[in-house]
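1. Just need the structure, nothing else, for what follows:
(one chain, ligands or ions: 1)
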Amino acid sequence: MSVQTGASRPAAAPQPRPGITSLPGYSRSAAKATVRWIASSNESPVPPSPAVLEAIAAAGKGANRYPSLAGDELVATVAARLGLDPGQMLAGAGSLALLQLLLSTYAGPGDEVIYAWRSYEAYPILVGAAGAAAVEIPLDAAARHDLDAMAAAVTEATRAVIVCSPNNPTGTVVDRGELVGFLHRVPPHVLVVLDEAYREFTLPGDEGVGLLADFPNLAILRTFSKAYGLAGLRAGYLAASADIAANLRRAALPFPVSRVAVAAAVVAWAEPDRMAATVAQIVAERDYLAARLHDRGIRVPRSGGNFLWIPAGPRARELEAACLDQSVSVRAFDGEGVRVTLGGREATAAVLAAVDTVPGLAAAIQNPLPAPAGA
Ligand code: PMP
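-> Next up, the predicted model:
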């Protein structure tokens, strides 16, 4: 055993891998307990159905036993409806866990991962945690992915490109034609991760699952946290080629989804009408808020998610504070904008009341965008 002294003496505490201490943190929403309407985390405002609650209680009774090794029942249920082989799918504790697995399996030190920015705040954290370098490609003037610039940014070091559609926080959608064109431009050895956390809130034709047969480098992430309203239980799934799925299974933790989460997700999946009703209500509210903002001269990007992006620029924090004054928590990104998760009409009215207390907000809006449909 050697004892080092002086300059070469090792740090007094264990040190993480390079880059870990400089990772950005997740933003926290304003104290949820003190607000009346939570519009900050893109959750569903609708609690679980009676059948889901029953399944949760029943699964809890078996909590002394491990769940299935890989969320098998959930994988089989989802694969059957999507027309996929269960060997092409994985279940995870939220789609975020699956994104972490993808990135840490396919990228590491010396590698690059491309994504649009601004997009979901977990991307820089998970790319950095995998040890890879993030290559952030600015959204275009309409707050959409700049797919040309993203394709052009691919280098020999690129291992993965993340496409977030609908994009959190701007809500913009990469439609199927654009996605296909992009997939044709990305070399086949580069993984394309399509994050479809909000896909249920957008047009059915714009989903990616049908593309898996043609693009073996595509991996799709989806979740039970948004339209299915199970954010608190943590359940998501991944669909990809059998080859990608097999590699991920090699690196995955066993027992990734709890018995309770599997049981709840399987029952929620079996209630598509309930999910569709929730989605219809949220989409109607989204279009209503967009139109009322437009009435006030505030143009927002057309959203395919359960949220709207108000590009308030330098007034973002002011608008956030005004919303809190109206007892609504929203998500503000300094100098960029405010993301509002849709809930009921009362919450929408409170957001509009807040908007009306920020003088000159319309003038501060960045990148004026085309009017929303029906405005
Ligand atoms: N992707 C995007 C774009 C998201 O906005 C979120 C949640 N905010 C997630 C993934 C994570 O979802 P989950 O709860 O399935 O981990």
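
2. How much space separates Y120 from the ligand?
-> 4 Å (C-beta to the nearest ligand atom, to the nearest Å). C-betas here are computed from N, CA, C, even on glycine.

3. Next up, identify which helix or strand that residue is on.
-> Assigned by DSSP states H and E, Y120 belongs to no helix or strand.

4. repeat for the one 5 residues further on
-> Following DSSP H and E, one finds I125 within helix 122-129.

5. What's the local residue count around E54?
-> 14 (other C-beta atoms under 10 Å).

6. let me fix that: E112
-> E112 has 20 nearby residues by other C-beta under 10 Å.

7. circling back to that earlier point, immediately after the helix holding I125, which helix or strand?
-> strand 133-138.

8. which residues touch the helix holding I125?
-> 19-20, 22-26, 96, 99-100, 103-104, 107, 113, 115, 133-134, 136, 162, 164 (C-beta atoms under 8 Å, 6 or more residues apart in numbering).

9. from the residues you listed, which would you call buried?
-> 96, 99-100, 103-104, 107, 113, 115, 133-134, 136, 162, 164 (16 or more other C-beta atoms under 10 Å).

10. Filter these down to just the ones in strands.
-> When the buried ones among the contacts of helix 122-129 are checked against strands (DSSP state E), the matches are 113, 115, 133-134, 136, 162, 164.

11. and the stretch 101-250 of the chain, which of its residues are near the ligand?
-> 120, 164, 168, 195, 197, 223, 225, 231, 236 (C-beta under 6 Å from any ligand atom).

12. Could you rerun that using 8 Å?
-> 119-120, 122, 164, 166-168, 195, 197-198, 221-226, 231, 234-236 (C-beta under 8 Å from any ligand atom).

13. quick check, nearest of the buried ones among the contacts of helix 122-129 to the ligand?
-> L96 (3.2 Å; C-beta to the nearest ligand atom).

14. and the closest one, what does it touch?
-> With C-beta under 8 Å, 6+ apart, L96 has these contacts: 122, 126, 236.

15. Over to A91?
-> Taking C-beta under 8 Å, 6+ apart as the test, what A91 contacts is 70-71, 74-75, 78, 235-238, 256-257, 262.

16. let's see it at 10 Å
-> 67-68, 70-78, 97-98, 224, 235-238, 252, 256-257, 261-262, 265 (C-beta atoms under 10 Å, 6 or more residues apart in numbering).

17. ok, the residue of the stretch 251-375 of the chain found nearest the ligand - how many residues close by?
-> Closest residue of the stretch 251-375 of the chain to the ligand, C-beta to the nearest ligand atom: G305 (8.0 Å). G305 has 31 neighbouring residues, counting by other C-beta under 10 Å.

18. Surely it and T170 touch.
-> Yes. At 8.9 Å, G305 and T170 qualify as touching, with contact defined as C-beta atoms under 10 Å.

19. so what sits against both of the two?
-> 164, 339.

20. returning to that earlier point: can you tell me which of the contacts of L96 lies nearest to the ligand?
-> G236 (3.9 Å).

21. before we move on, back to that, closest to A57 among the buried ones among the contacts of helix 122-129?
-> L96 (26.1 Å; C-beta to C-beta).

22. Quick check: the gap between that closest one and N168.
-> 12 Å (C-beta to C-beta, to the nearest Å).

23. Spit out the residues that contact those two alike.
-> Common contact partners of L96 and N168 (C-beta under 10 Å, 6+ apart): 120, 122, 195, 197.

24. I'd like the distance between the first one and G181.
-> Separation of Y120 from G181 (C-beta to C-beta) stands at 23 Å.

25. Settle it for me: which of the two has more neighbours?
-> Y120 (21 against 14).

26. Tell me where the model's unsure across the stretch 1-150 of the chain.
-> Residues of the stretch 1-150 of the chain that meet the criterion pLDDT under 70 lie in 1-8, 29-33.

27. residues in contact with the closest residue to the ligand within it?
-> In the stretch 1-150 of the chain, the residue that lies nearest the ligand is G94 (2.7 Å; C-beta to the nearest ligand atom). Listed by C-beta under 10 Å, 6+ apart, the contact partners of G94 are 100, 197, 221, 223-225, 230-231, 233-237, 256-257, 261.

28. S258 versus that one, what's the distance?
-> As judged by C-beta to C-beta, G94 and S258 stand 11 Å apart.

29. Name the residues contacting each of these two.
-> Shared contacts of G94 and S258, defined by C-beta under 10 Å, 6+ apart, are found at 233-235.

30. Tell me where the stretch 151-300 of the chain has helices.
-> 176-185, 242-251, 259-269, 272-295 (DSSP state H, counting those that start in this stretch).

31. Looking at those, which one is packed in the most?
-> helix 259-269 (a mean of 23; mean count of other C-beta atoms under 10 Å).

32. what packs against that one?
-> helix 50-60, helix 72-82, strand 89-92, strand 236-239, helix 272-295 (3 or more C-beta pairs under 10 Å, 6 or more residues apart in numbering; DSSP states H and E).

33. Can you name the residues that contact the closest residue in space to V260 that isn't next to it in sequence?
-> Nearest residue to V260, sequence neighbours excluded (C-beta to C-beta, 6 or more residues apart in numbering): A59, at 4.6 Å. Residues in contact with A59 (C-beta under 10 Å, 6+ apart) are 67, 258-264, 266-267.

34. and if we set it to 7 Å?
-> Contacts for A59 (C-beta atoms under 7 Å, 6 or more residues apart in numbering) come out as 259-260, 263.

35. before we move on, the earlier item: okay, among the shared contacts of L96 and N168, which ones form the most distant pair?
-> A122 and A197 (10.3 Å).

36. Among those two, which residue is more densely surrounded?
-> Of the pair A122 and A197, A197 is the one with more neighbours under other C-beta under 10 Å, namely 25 against 18.
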